[in-house]
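**Student:** Please work out how this folds:
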Amino acid sequence: MNRPHAESCEQNRRPILAVLQRHLDEQCERLLEIGSGTGQHAVYFAPAFPWLIWQPSDRADNLPAIEAWMAAEPSPNIAPPLRLDVLHDPWPSGPFDAVFSANTAHIMSEAAVEAMFRGVGGVLRGGGLFLLYGPFAVGGRHTAPSNTRFDAWLKAQDPAMGVRDLDWLNGLARGAGLDEAEVIDMPADNKVLCFRRNG
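**Tutor:** The predicted structure follows:
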């Protein structure tokens, strides 16, 4: 099949990789990616961490795209992608040492974001990291005009979508057994939220 291509993955992959390299050491042996999308991030990031198994996952309709990218750019430490709709599918068996997700929280419904945090809390080992990349509001306010416009555009497509607020996400994290986020500013008015599993 022709491989779908997301330009945003090309634009953000280098700064995200720099964050991952600061946080994922050789004690991290299993990483779950939620919402792998086209698969571009998985095939770019996994070779930088040859000591870990990178586990892609997404809803069933996105798995062929991930498989196509994996076939074109194989890496021995990428596991076959798993079907994971956070609202409906069983989660893979943990524990995972880290969970990574990019550009998912704003396209999920609030119920799905809540389910994602519950699931992450259930599969992440004590001390493990949940790294969540995307645009986020802080204290109920957007951090840049571009995010204000993006939030309005998302809600015009689907009222269930929208840029999520850090305070709300921290509340979900606490309920899932995660510490509040370390916030890492990224290019293009995005952030990486770094949550750590209690215990």
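
**Student:** Which strand residues bridge the spatially most central residue of the chain?
**Tutor:** The centroid of the chain falls nearest to S101 when counting by CA atoms, centre = their mean (0.4 Å). Beta-bridge partners of S101, counted by DSSP bridges, are I34, L132.

**Student:** list the contacts for it?
**Tutor:** By CB atoms under 8 Å, 6 or more residues apart in numbering, the residues touching S101 are 33-35, 116, 130-133. In this view, the C-beta of every residue, glycine as well, is placed from N, C-alpha and C.

**Student:** Read off the pLDDT value for it.
**Tutor:** pLDDT for S101: 97.

**Student:** other SSEs contacting the longest helix along the chain?
**Tutor:** If you go by DSSP state H, the chain has its longest helix at helix 7-23. Packing partners of helix 7-23 (3 or more CB pairs under 8 Å, 6 or more residues apart in numbering; DSSP states H and E): helix 40-45, strand 96-102, strand 124-134, strand 182-186, strand 190-196.

**Student:** tell me the mean pLDDT for that helix?
**Tutor:** Across helix 7-23, the average pLDDT comes to 85.

**Student:** got it, and stretch 44-53?
**Tutor:** Across stretch 44-53, pLDDT averages out at 96.

**Student:** What residues of the worst-scoring helix or strand of the chain on mean pLDDT count as buried?
**Tutor:** Ranked by mean pLDDT, DSSP states H and E, the weakest helix or strand in the chain is helix 7-23, scoring a mean of 85. Of the residues in helix 7-23, 9, 12, 15-16, 19-20, 23 count as buried by neighbour count, 16 or more other CB atoms under 10 Å.
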